[in-house]
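K.L.:
With the input below, show me the fold.
(2 chains)
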2 protein chains.
Amino acid sequence: MTTYDYIREGDAIYRKSFAIIRQEADLSPFTAEQADIAIRMIHACGLVEAAEHFRFSPDFVSKARGALHAGKPIFCDAEMVAHGITRARLPADNQVICTLRDSRTIELAKTIGNTRSAAALDLWDEMEGALVAIGNAPTALFRLLEMLDAGAPRPAAIIGMPVGFVGAAESKEALMETSLGIPYAVVRGRMGGSAMTAAAINALARAGL
Amino acid sequence: MTTYDYIREGDAIYRKSFAIIRQEADLSPFTAEQADIAIRMIHACGLVEAAEHFRFSPDFVSKARGALHAGKPIFCDAEMVAHGITRARLPADNQVICTLRDSRTIELAKTIGNTRSAAALDLWDEMEGALVAIGNAPTALFRLLEMLDAGAPRPAAIIGMPVGFVGAAESKEALMETSLGIPYAVVRGRMGGSAMTAAAINALARAGL
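P.N.:
Coordinates of the predicted model:
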């Protein structure tokens, strides 16, 4: 039987991966805490150059961690984000909520004239002080900004990392311009997605790498 | 209330996204069928340049589609891959199987001296003629190659798209060198991941974009 020469121990793979990323990526714009999150996001996409598009507002890490430690829920726009979160890492057995497949979402989307991803946000109760993670749909991030502007309960922090070619870059620029004082983390431009978003949450869940 | 100027209709967003990708990406190395899959993979990562790393063996699309139409299961190495598959698109209500969280996997990993992601494959029954999708762990792809070399049942096609800095590039090169005649799709190098893998499956599930 052919066997290949590769590392078979999970922790060793992580350590080596993070060491390579530290060596190759430009992490100089980040604080030490932000860098830990950036490293896990780079790890999720396989591209050290992605870091140049990462932006963290100064109090993002402390506010997002505070929400998790206070037992607040994590609201996600996509099932893939929700299923990428390592539940065992979460500090307070936090609820992970995705309402995209809620039976009411299709009807709501028709009512508000928007995508299902955007309409799903109308079912987010208890957003006050929560962690919000938009990792897929630009329409969900635009809808979030509209709801907040209209007086919706304010989350503790927003992860804005939708991916794609239509609206993704624009929705993230809008978040940075008009976050209403809510701390955010974004990947500017077209990149982003559920894996980077889940990686950011997993990094927030426990300090250190 | 602030409203933003953005497209709120899902199909229109898809159409515009795919048109942008066709305009910007170099799809010349691909057949028309491969290009449809490549476009959805690009859509999932937000980076047209990713296409230069895509490799499809000539009969990959026909064999993978054949497996799906024959009602064969889809085996995934990661929950995020499994949850990124649009079930309603699948042509034969195909089973989507991920054994990573099976209670036996931890013990198996100790027994074989490998990661849980690799050990999870030992629980894949009915791999004969199935579609196998490795979208996260290089160790799972290496393990698959070892199992196949040792005489495991042969899947119809292999999607080999693990992401990362340790073993990802190497495991995909090994697949291309030693696929034992099984058709494959890979993203060479460090890039890949659950979103691109699920996008490839969703593209295979139904011809056209």
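
K.L.:
show me where chain A has strands.
P.N.:
A:54-56, A:74-76, A:96-97, A:131-134, A:157-160, A:184-187 (DSSP state E).

K.L.:
contacts for the shortest one?
P.N.:
This means strand A:96-97. Counting by C-beta atoms under 8 Å, 6 or more residues apart in numbering or on different chains, the neighbours of strand A:96-97 from elsewhere in the structure are A:73-76, A:82, A:85, A:87, A:90, A:124. Using the backbone N, CA and C atoms, a C-beta is placed for each residue, glycine as well.

K.L.:
Tell me which residues touch A:Ala137, please.
P.N.:
If you count contacts by C-beta under 8 Å, 6+ apart, A:Ala137 has them with A:77-78, A:115, A:117-118, A:162.

K.L.:
Spatially nearest residue to it, not counting backbone neighbours?
P.N.:
Spatial nearest neighbour of A:Ala137, chain neighbours left out: A:Ser117 (3.4 Å); criterion: C-beta to C-beta, 6 or more residues apart in numbering or on different chains.

K.L.:
quick revisit: now the contacts of strand A:96-97 as TSV including distance to B:Ala156, pLDDT and neighbour count?
P.N.:
Written out in TSV, the entries for these read as follows (distance: C-beta to C-beta, whole Å; pLDDT from 0 to 100; neighbours: other C-beta atoms under 10 Å in any protein chain shown):
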residue	distance to B:Ala156	pLDDT	neighbour count
A:Pro73	41	98	20
A:Ile74	38	98	25
A:Phe75	39	98	28
A:Cys76	33	98	31
A:Ala82	30	97	25
A:Ile85	32	97	21
A:Arg87	33	96	12
A:Leu90	38	98	20
A:Trp124	41	97	21
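
K.L.:
I'd like those as a markdown table, with distance to A:Phe142 appended.
P.N.:
Supplementary listing: the contacts of strand A:96-97 in a markdown table, determined by distance: C-beta to C-beta, whole Å:
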| residue | distance to A:Phe142 |
| --- | --- |
| A:Pro73 | 22 |
| A:Ile74 | 20 |
| A:Phe75 | 16 |
| A:Cys76 | 16 |
| A:Ala82 | 20 |
| A:Ile85 | 23 |
| A:Arg87 | 29 |
| A:Leu90 | 28 |
| A:Trp124 | 15 |
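
K.L.:
so which of those residues comes closest to chain B?
P.N.:
A:Ala82 (7.7 Å; C-beta to the nearest C-beta).

K.L.:
Show me which pair in the contacts of strand A:96-97 is furthest apart.
P.N.:
Set against one another by C-beta to C-beta, the contacts of strand A:96-97 have their most distant pair in A:Arg87 and A:Trp124, with a gap of 19.4 Å.

K.L.:
While we're on A:Met1, how confident is the model there?
P.N.:
For A:Met1, the pLDDT comes out at 65.

K.L.:
go on, A:Ala67?
P.N.:
At A:Ala67 the predicted local distance difference test score is 98.

K.L.:
A:Ala88 too?
P.N.:
The per-residue pLDDT reported for A:Ala88 equals 95.

K.L.:
For it, grab the count of nearby residues.
P.N.:
For A:Ala88, the count of nearby residues is 8 (other C-beta atoms under 10 Å in any protein chain shown).

K.L.:
what separates it from B:Arg101, distance-wise?
P.N.:
Distance check for A:Ala88 against B:Arg101: by C-beta to C-beta, to the nearest Å, it reads 11 Å.

K.L.:
so where's chain A shaky on pLDDT?
P.N.:
Counting by pLDDT under 70, the ranges of chain A that qualify are A:1.

K.L.:
I figured A:Phe30 was touching A:Met41, is that so?
P.N.:
No - with contact taken as C-beta atoms under 8 Å, A:Phe30 and A:Met41 are classed as non-touching, separated by 10.8 Å.

K.L.:
list residues touching both of the two?
P.N.:
A shared contact of A:Phe30 and A:Met41, defined by C-beta under 8 Å, 6+ apart, is any residue touching both; here these are A:Phe54.

K.L.:
Those two: who's more crowded?
P.N.:
Relative neighbour count places A:Met41 above the other of A:Phe30 and A:Met41, with 28 against 19, counting by other C-beta under 10 Å.

K.L.:
can you pull the contacts of the more buried one?
P.N.:
Under the criterion of C-beta under 8 Å, 6+ apart, the neighbours of A:Met41 are A:50-51, A:54, A:187, A:196, A:199-200, A:203.

K.L.:
try 6 Å this time
P.N.:
Residues in contact with A:Met41 (C-beta atoms under 6 Å, 6 or more residues apart in numbering or on different chains) are A:196, A:199-200.

K.L.:
Next: A:Ser171.
P.N.:
Here A:Ser171 is in contact with A:138, A:141-142, A:162 (criterion: C-beta under 6 Å, 6+ apart).

K.L.:
Contacting chain B as well, which ones from those residues?
P.N.:
Near chain B, judged by C-beta under 6 Å from any C-beta of the partner chain, the entries from the contacts of A:Ser171 are A:Phe142.

K.L.:
Among the contacts of A:Ser171, which lie within helices?
P.N.:
A:138, A:141-142 (DSSP state H).

K.L.:
before we move on, back to that, from the contacts of A:Ala137, which is closest to chain B?
P.N.:
Nearest to chain B among the contacts of A:Ala137, with distances taken as C-beta to the nearest C-beta, is A:Thr115, at 4.8 Å.

K.L.:
before we move on, back to that, where neighbours are concerned, which of the ones in helices among the contacts of A:Ser171 has the most?
P.N.:
Each of those was scored by neighbours using other C-beta under 10 Å; the highest score is A:Leu141's, at 33 neighbours.

K.L.:
so that residue touches A:Gly164, yeah?
P.N.:
No - because the distance of 11.1 Å does not satisfy C-beta atoms under 6 Å, A:Leu141 is recorded as not touching A:Gly164.

K.L.:
Now do A:Arg32: how many residues are near it, please.
P.N.:
In this structure residue A:32 is Ala, not Arg. Here the number of neighbours of A:Ala32 (other C-beta under 10 Å) works out to 9.

K.L.:
thinking again about what came up before, of the strands of chain A, which approaches A:Met147 most closely?
P.N.:
strand A:131-134 (10.4 Å).
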